[in-house]
Every structure is written in C-alpha cells, then in structure tokens.
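**Q** Following is a predicted model, sequence given first.
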Amino acid sequence: MKQSNMKNILRKSRTRPTTSSFRPKFGRLHIVRQSRQVLDFDKVGQSTDRPNANRFYRENGFGTSVIVQFIVGIEDISTGELWDCSIKNKQRKLFLENGLFFIDVKISPNGLVCFPGSDFKQNQLPDHLGNVKCVLPVEEDEPLRYNIQIKLYQNNCDVKTCLDCVEFTVHTHEEGHDVYDYQEGRGIAEVERPQLKIKMTGILAEEIGREIIMLFQNLGDNGCYDKFFMEQRKLQEGLAMLEERFGKNHFKDVELSVKLEESILLFEKHQMDDCVRTATEVINEIIAKNITNGPFLMAKAHYIISAVYRQCGNFDMAKQHMEESTEILESVVVCEETAVNQYNWAALLSEKAAKSSLSLVEQKDAEFRFQNCLLHWSAQTQNDSNRCPMRALIRNINFHLRTSRQTYPDERKSVSEYGLIRAYQTIKNVEQNLLKTCSERHKVTFRVAKSDYYIRKAMMYEEDKKQCAEKAITILEDTLKTAIRLKLENEINGINDRMRHLSVLLDRECHEKRYQSQPFGRRRAEENDGRTIIDLLEELCTIQLDMTKN
C-alpha cells in the first residue's frame, strides 16, 4: 500500500479539472483543502456548525467532538491534472464514475464519517470533488489520537485494487490543554497537531491599550469628530517619540487600531470611499510589515469594509469580506473582535432582509448570529462596555421589523405578529438594561428602530394607525435634533424619509406644520470625562519601561 507525500497532497489545487482520461496507475488522491473544528453544544466558538447540524450530532449520541474535513479529488500524477469525474455519495462511500472507482474511509478508534455535498463554507461542491467529514469524539480527561485512512480503489470484475492511501493521525489535544485551546477553521494548514489559538499580545492586550482604543470609540460614538482627530494627532506624535526609545514599529498596532476607529468614524459620517481607503491601508501595512496582532486588526478591517458594501446593498461583496474576516478569526481565542464579527454577520443578514429577501437558511443563520454575538461578548474579557450588545439588539429590532435605518419601512415587506412582539420585547430589554449607559449615537439608532415599531404597527392595524403614527413622529422629531448635532448623515436622511412618509400616512395637510425640515446645526462636542491622550501616553511609557525591565 502506497502513502502519498504530504507536501504533494497539500500543494495548491487547480481551479478546475483538466482531463477526462482516467488512468488508474497514475491516479492519486489529492487533498484540495482541509479544516478542523470543535463541535460543542455549550461552548462558544468562532467556527461552529449550525444549530440544525448540532441536533443531528446530539441525536446520534455525539458530545464534544473534533471535526476534520478534507475536500478531495483525484489527480493524474504524471500530468498534474485533476480527473473530471463524477463523485457521488452512496452506501457510506464516495463512488466515482458509477462505481468504476470509489473512496473508502476508516477511522480508528471509531468515529463518524459522512460525505456532505457542500464545502466548509456551505458552498455546493463541483462534481469532481468530494467532502470527507470525520467526527471524532473527545474525552475531556484523556487526549485521544485518531488514525484516519482515506483510500482510493478501482473496481474491476469484483476485484478491488487499492490505488492510493492517505493517512492522518489527528490528536484531539495535548496534556495540559483542552480541545478548545487549539486553532480551528477553514484556513489552517495543520489538522493533526494544530497550533494553540492566538491571543492578543503587547500593549493592546494591556488595560492601557484598551483605554486608548475606548477613548477614541467614545469620541466617535458621541460625535466629537474634531476632538477625535486632534487626539489622534497627539497619539501619533507621542508614539513616534516612544518608538525612538523602544524601537521602530513597537507601537504600530496601537496606531493602526486607532486608524481603524477612524475608518468607523468615516463610515458614520457617510464618507464611504475614505472609510474603505483607510481600512485597506491598514490591511496593506499589516501584510507589508508583519505587524503585531495583525490577525485581529485585519479581521476588523474586513468587517468594516463589509459594512460599506452592506450599506450600499452589495450583499455579495459584503459577504465576501465577512468570509475573509471570519476565516482570519478562526485561529484566535474568543474575544471582542469575534463578537463584533458575529454582529456584522447579523447586520448583513438584517439589512438584506430589509432591502431584498432571505432564504430559510439565511433566516436561521441570522438568528444564530444574533445569539452567537451575545455569547461571544459575554465570554470575552477585554471590553466591559455595552457597545456591542447595544448594537446587536438594535439590529435585532430592525431584523424582526424588516427595516433599515436609512429609509422608511417598505410597506411591501410583510411582518408577522410574532416579529412585532419580538421587536417590542427587545425594545423593552434595551430601555430597561442598556439605554442609560449607551453612547449618543446608539441612542439615536435605537430610537429610529423604536419608531419603526410604531410605523409597522400603524401599517398592520387600521384602528391604531393615527395613534401609532403620531407616536413615531414624536420619537423622530426628538431624535432628529440629536442626529443633527452629531452630524449622523444616514440617520438624518432616514429620519427625514420616515417623517415625509408619515405625513402622507396621516394626512399631509393636517401634519405639514408639524414636520419641517431642519437644517444642519453646528455640532456641540461632548466633553470627555476620562483621561486625556497625554495622560495615557505618559502611563504607556511607564508600563513599557516596566515590561522592558522584565
């Protein structure tokens, strides 16, 4: 029995098959891609099977398990071409060309083998590729080692000839670690002995780093744009002085992290081209200079760019950047960025529900992402603010009402009574638990979402139309003042659009005096009660000196 060389197996795959000549003596198994995931019903993870898949494993007696998957094809080793064959799942094997060849898989000790028709990203596989999915049960107290054999056979007059065999020895975990400590996902190169998950390091992992980033987040969220850029310049000057002492690029991740907050600020100001340019510059600099904490920053940059495409209604490009972000974060521990990544998935699907439509699978995925976002946030220890939960719950209101903050709710979108009730429950949750401590910007977006609840109710119940429409107008009039002060262009446009439609809904002549377009007012900057950037730079220098001594 011949074992293929791993380097040859894992080399980059061709994008399409190139031969329909199937020469058995030259046929070898070719692993196109591989992945490793942990399946757990209670633990939070970045790379997780969907709830319907979880039910399947639970019903079949599987608890915590390591799942490894191999996208496999057949290669002609003399030409390097892939066979353009038809691979079908039948009788717990993969059959090629109606049984002329087949792929068999053995696991020792026992595990579950299945052959999904889709890849790791739930995309349908082409006919010439198959997915070998192995579910390996985990013993918490004892590391296990599984041997997986993937064999290619030829059927010839009831004689089965083994043409090739690929073996993997997969370790669930090592002594001193548990199964959740290891990298997982679709982009890892090693499934047998995976590396430990990446944790944030350096200044960004320290309290001082978090305080610097949150200072800029608070300035952006409260509309203090001039002060944001002034403090950013002070930070850049201070970091340049510190780098003369501690080394070039020593604090580059801090500077780039603040630059990503700048791109978010530009997004909120509706300067979309500048937002994408700024986030892209961060990605390029990380790649060019191998910046500390690069995966965390790159993943954030991708979900920021995704938000721009989401806002423009280009959901395919938005999804592409979310896939990039998610794949990067599959190698890191659960943290603030994994939570916000899940939020952006939910936001993408919510926006699509308002502007287009969702399939049943997407509907379930959206509900999963909202839940997973809050689970990730509760599991992370970097940020104790309510920033991400607040954003997620506002989007959840939009999702149930099929609305977008940019425009008046589409009357053609049907909303069920159940959806209306869920939106109301979320509104009350926010008002009771989060509203008092959230930023000015999030109060605006919440009140816009709350007005949508009354607008939908006015659309659905004729007897409540006048009362609900007037309630929505009252909320919007008050919210518009804050949105103008903060210069939130999207929200201002969305509020004005709603009030125009509500005026028509009630009776334009009766309500034209009530609604008047308000010009942009001069923004009043909010004072920041926390420490200044100079204070933070002084402490940063002290901490770095201590770290250098140690």
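**A** Thanks, I have it.

**Q** which residues does residue 161 contact?
**A** By CB atoms under 8 Å, 6 or more residues apart in numbering, the contact list for residue 161 reads 24, 153, 154. (Each C-beta comes from the backbone N, C-alpha and C, glycine too.)

**Q** again with residue 199
**A** 205, 332, 333.

**Q** Neighbour-wise, which one of those residues leads?
**A** residue 332 (20 neighbours; other CB atoms under 10 Å).

**Q** I figured residue 113 hits residue 136, correct?
**A** No: here residue 113 does not reach residue 136: they are 10.2 Å apart, not a contact under CB atoms under 8 Å.

**Q** Please list all residues in contact with residue 110.
**A** Residue 110 neighbours (CB under 8 Å, 6+ apart): none.

**Q** so it is in which element?
**A** For residue 110, there is no enclosing helix or strand under DSSP states H and E.

**Q** In terms of packing, which of residue 113 and residue 136 has more residues around it?
**A** Comparing residue 113 with residue 136 by other CB under 10 Å, the one with more neighbours is residue 136, at 24 against 17.

**Q** Just to check, the more buried one is in contact with residue 65?
**A** Yes: the pair residue 136 and residue 65 qualifies as a contact (CB under 8 Å) at a distance of 5.8 Å.

**Q** Specify the local secondary structure of the residue nearest in space to the middle of the chain.
**A** Closest to where the C-alpha atoms of the chain average out (CA atoms, centre = their mean) is residue 341, at 3.2 Å. Judged by DSSP: H, G, I helix; E, B strand; the rest coil, the three-state class of residue 341 is helix.

**Q** re earlier: quick check: neighbours shared by residue 113 and residue 136?
**A** residue 107.

**Q** Need the residue in this protein that's farthest from the chain's center.
**A** residue 157 (51.0 Å).

**Q** Check the gap between residue 225 and residue 86 for me.
**A** 59 Å (CB to CB, to the nearest Å).

**Q** More neighbours: which of these two?
**A** For the pair residue 225 and residue 86, the greater number of neighbours falls to residue 225 (18 against 12), based on other CB under 10 Å.

**Q** Please look at that one and residue 271 and confirm they touch.
**A** No: Residue 225 is beyond contact range of residue 271, at 10.8 Å (criterion: CB under 8 Å).

**Q** Around residue 155, how many other residues sit close by?
**A** 16.

**Q** In a strand, it, correct?
**A** Yes: applying three-state DSSP, one finds residue 155 inside a strand.

**Q** pLDDT score assigned to the residue farthest from the centre of the chain?
**A** Per-residue pLDDT puts residue 157 at 75.

**Q** Check residue 353 too.
**A** Reported pLDDT for residue 353: 96.

**Q** same thing with residue 384?
**A** Reported pLDDT for residue 384: 85.

**Q** what do you get for residue 250?
**A** For residue 250, the predicted pLDDT is 80.

**Q** ok, it touching residue 240?
**A** No: using CB under 8 Å as the test, residue 250 is too far from residue 240 to be in contact (10.8 Å).

**Q** where's residue 73, which helix or strand?
**A** Short version, using DSSP H and E: residue 73 is in strand 65-76.

**Q** which strands and helices sit next to the following helix or strand past that strand?
**A** As assigned by DSSP H and E, the chain's next helix or strand after strand 65-76 is strand 81-82. With contacts defined as 3 or more CB pairs under 8 Å, 6 or more residues apart in numbering; DSSP states H and E, the packing partners of strand 81-82 are strand 65-76.

**Q** Give me the buried positions along the strand it packs on.
**A** 65, 66, 67, 68, 69, 70, 71, 72, 73, 74, 75, 76 (16 or more other CB atoms under 10 Å).

**Q** of these, closest to residue 93?
**A** Distance to residue 93 across the buried residues of strand 65-76 (CB to CB) is lowest for residue 72, with 12.4 Å.

**Q** show me where pLDDT drops low in the chain?
**A** 1-17, 41-62, 507-530, 549-550 (pLDDT under 70).

**Q** Please enumerate the strands of it.
**A** In the chain, the segments counted as strands under DSSP state E are 27-39, 65-76, 81-82, 87-90, 93-96, 101-108, 112-114, 130-137, 145-156, 159-171.

**Q** now for these, which one comes closest to residue 478?
**A** Residue 478 lies closest, by CB to CB, to one member of the strands of the chain: strand 27-39, at 47.3 Å.

**Q** now the angle between strand 101-108 and that closest one, please.
**A** Strand 27-39 and strand 101-108 are oriented at 40 degrees to each other (axes from the mean of the first three to the mean of the last three CA atoms, to 10 degrees).

**Q** For strand 27-39, output the C-alpha coordinates as PDB.
**A** What follows is strand 27-39, C-alpha atoms only, in PDB (Å, rounded to 0.1, in the frame of the first residue of the first chain):
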ATOM      1  CA  GLY A  27      -4.500   8.200 -10.200                       C
ATOM      2  CA  ARG A  28      -3.700   9.600  -6.700                       C
ATOM      3  CA  LEU A  29      -5.800  11.200  -4.000                       C
ATOM      4  CA  HIS A  30      -5.400  15.000  -3.900                       C
ATOM      5  CA  ILE A  31      -6.400  16.900  -0.800                       C
ATOM      6  CA  VAL A  32      -7.600  20.300  -2.100                       C
ATOM      7  CA  ARG A  33      -8.400  21.900   1.300                       C
ATOM      8  CA  GLN A  34      -8.800  20.800   4.900                       C
ATOM      9  CA  SER A  35     -10.300  22.100   8.000                       C
ATOM     10  CA  ARG A  36     -10.500  21.400  11.700                       C
ATOM     11  CA  GLN A  37     -13.400  22.500  14.000                       C
ATOM     12  CA  VAL A  38     -14.600  21.800  17.500                       C
ATOM     13  CA  LEU A  39     -18.300  20.900  17.900                       C
END
